[in-house]
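S.K.: sequence-free structure coming up:
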């Protein structure tokens, strides 16, 4: 009788544990890492569509100046600046980061290390909720009186430091608040990723057993957390300039606009590798699978990742070669910038070595992965010209920089994501993708 009672109790508990979840608890307030990954991914896709629409609007304005843009209308000067600014902001902070780091990190880390969920599932849910609020604040900033912020995604002062310069008193402040909230969300997410990978691995799983894509995501999280501090401090100072009237960055009030450039780019250049590393990690998983080979020299690639992360903290001033920095420091940052191309190139060569002699199948994910390598190499080679101070003086703020930037970020944010989603689609959605349509 006691055994029967115990079995009945266990059955009741099992029934309670597997009761049907409602819509809100399953899709909106879930703490399940898979659902949170989907939330990040689909939010990122929606933001990508918005950012792409902005790009369409201002490019059509450039192609046909003064004419009505189909699907938008006339683009005023202020609207043009706001479209360019928010396109860049969205594609970097609200597309590349959520889709590559948050979506794949949340989905893959527990599954690949044998954990049930993230170590801090409620913090995980909170990080997405803050991220969603930040996205809504950013979109809302476009519709306030005065229009959206138009001081470029880098927010250089003095244009960004005072409403009398930017003419967007509410838009610029809301833009700054949105970016700050997004940073908080990814700080919380990064804590979760690092803690989960270090402390929740299955018994017997050593450090060198961790899949490369997880190393890339966690190193990117460490890189973000280590570099974002100065920019958060700068954002607070810029907020005070805008709202209180302090003069940290306004030369008319005794401030220094170059200080913002140092604070921004100390974060801004590591940010490139924050989104690059998860994408190149996804590519590593794909080329191993579809060339039927192990990653060529796993440990060397891992050390290369560590070297890239460390060196990325010493290259920021190559964005300031024409901003009046000491020419002697320009020489130093030219050297460090050219040095960081070495581990990146080494990583690409090791990937090619992985492909060499393999039984390669050109599936849809493999085609995306190969396209990533080819297109990123164009971005990397053009970056050499910008890393040398002598040539950068002529290329700075030209369309050459714009092309280099997009040859770098397009494969990272778009091709990297498409490679990952086509590769893990059966795991995520429970069905195979149509290979013919994929190709």
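M.R.: That came through, no problem. Here the structure is a predicted model, which means the values were calculated and not measured.
S.K.: residues contacting the nearest residue to residue 175 once chain neighbours are set aside?
M.R.: Nearest residue to residue 175, sequence neighbours excluded (CB to CB, 6 or more residues apart in numbering): residue 149, at 3.9 Å. Just so you know, the C-beta spots here come from the backbone N, C-alpha and C atoms, and that holds for glycine as well. Applying CB atoms under 8 Å, 6 or more residues apart in numbering, we find residue 149 in contact with 82, 85-86, 141, 155, 160, 166, 168, 171-172, 174-176.
S.K.: how about residue 119, secondary structure?
M.R.: At residue 119 the chain is in coil, as set by DSSP: H, G, I helix; E, B strand; the rest coil.
S.K.: just to revisit the earlier point, in strands, which of the contacts of residue 149 fall?
M.R.: Among the contacts of residue 149, no member is found in strands (DSSP state E).
S.K.: returning to what we had before: helix or strand for the residue nearest to residue 175, which one?
M.R.: Per DSSP states H and E: residue 149 is located in neither a helix nor a strand.
S.K.: then residue 329?
M.R.: Per DSSP H and E: helix 327-355 holds residue 329.
S.K.: for that helix, give the mean pLDDT please.
M.R.: Average pLDDT, helix 327-355: 94.
S.K.: which helices and strands sit right next to the following helix or strand past that helix?
M.R.: Using DSSP H and E, the helix or strand that directly follows helix 327-355 along the chain is helix 364-387. Packing partners of helix 364-387 (3 or more CB pairs under 8 Å, 6 or more residues apart in numbering; DSSP states H and E): helix 257-291, helix 327-355, helix 389-395, helix 399-409, helix 416-429.
S.K.: pLDDT averaged over the first one - what is it?
M.R.: Per-residue confidence for helix 257-291 averages out to 95 on the pLDDT scale.
S.K.: and the helix or strand that comes right after that helix, which residues are buried?
M.R.: Counting by DSSP H and E, the next helix or strand C-terminal to helix 257-291 is helix 298-311. For helix 298-311, a neighbour-count test (16 or more other CB atoms under 10 Å) marks 298, 301-302, 304-305, 307-309, 311 as buried.
S.K.: do stretch 237-251 as well
M.R.: Across stretch 237-251, burial judged by 16+ other CB under 10 Å covers 237-239, 241-242, 246-250.
S.K.: before we move on, the earlier item: starting at the chain centroid, how far to the helix holding residue 329?
M.R.: 21 Å (CA atoms, centre = their mean, to the nearest Å).
S.K.: quick check: buried residues in it?
M.R.: Neighbour-count burial for helix 327-355 [16+ other CB under 10 Å]: 330, 333-334, 336-337, 340-341, 343-344, 346-348, 350-351, 354-355.
S.K.: so where's the chain uncertain?
M.R.: For the chain, the stretches flagged by pLDDT under 70 are 1-19.
S.K.: center of it - which residue?
M.R.: Nearest to the geometric centre of the chain sits residue 97, at 2.5 Å (CA atoms, centre = their mean).
S.K.: touching, that one and residue 187? I think so.
M.R.: No - counting by CB atoms under 8 Å, residue 97 stays clear of residue 187, with 11.8 Å between them.
S.K.: that older thread, which one of the buried residues of helix 298-311 is nearest residue 362?
M.R.: residue 301 (23.1 Å; CB to CB).
S.K.: next, format the helices and strands packed on helix 364-387 as CSV and append distance to residue 39.
M.R.: As requested, the helices and strands packed on helix 364-387 are exported to CSV (distance: least, CB to CB, whole Å):
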stretch, distance to residue 39
helix 257-291, 17
helix 327-355, 31
helix 389-395, 40
helix 399-409, 23
helix 416-429, 13
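S.K.: which of the ones you listed sits closest to residue 70?
M.R.: helix 399-409 (23.3 Å).
S.K.: you'd agree the residue nearest to the centre of the chain is in a helix?
M.R.: Yes - judged by three-state DSSP, residue 97 forms part of a helix.
S.K.: so what's it up against?
M.R.: Per CB under 8 Å, 6+ apart, neighbours of residue 97: 182, 186, 274-275.
S.K.: run the last query once more with 10 Å
M.R.: By CB atoms under 10 Å, 6 or more residues apart in numbering, residue 97 lies in contact with 40, 44, 91, 103, 131, 182-183, 185-186, 189, 220, 224, 271, 274-275, 278, 413.
S.K.: cool, and residue 44?
M.R.: If a contact means CB under 10 Å, 6+ apart, then residue 44 has 90, 94-100, 102-103, 131, 135, 413, 417 as its contacts.
S.K.: in PyMOL, how would I select the buried members of those residues?
M.R.: Remark: buried members of those, expressed as a PyMOL selection using 16+ other CB under 10 Å:
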select buried, resi 90+94+95+96+97+98+99+100+102+103+131+135+413+417
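S.K.: want to throw the contacts of residue 44 into a markdown table with distance to residue 24?
M.R.: Shown next, in a markdown table, are the contacts of residue 44 (distance: CB to CB, whole Å):
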| residue | distance to residue 24 |
| --- | --- |
| 90 | 27 |
| 94 | 24 |
| 95 | 26 |
| 96 | 29 |
| 97 | 26 |
| 98 | 22 |
| 99 | 24 |
| 100 | 28 |
| 102 | 21 |
| 103 | 21 |
| 131 | 18 |
| 135 | 20 |
| 413 | 31 |
| 417 | 28 |
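S.K.: out of the contacts of residue 44, which is nearest to residue 263?
M.R.: residue 97 (19.2 Å).
S.K.: how far away is that closest one from residue 351?
M.R.: 23 Å (CB to CB, to the nearest Å).
S.K.: quick one on the thing from earlier: could you single out the nearest of the buried residues of helix 327-355 to residue 293?
M.R.: Out of those, the member with the shortest distance to residue 293 (by CB to CB) is residue 354, at 5.7 Å.
S.K.: list the contacts for the residue lying closest to residue 414 once chain neighbours are set aside?
M.R.: Excluding its sequence neighbours, the residue lying closest to residue 414 (CB to CB, 6+ apart) is residue 48, at 7.9 Å. Contact partners of residue 48, counting by CB under 10 Å, 6+ apart, are 90-91, 94-96, 98-99, 413-414, 417.
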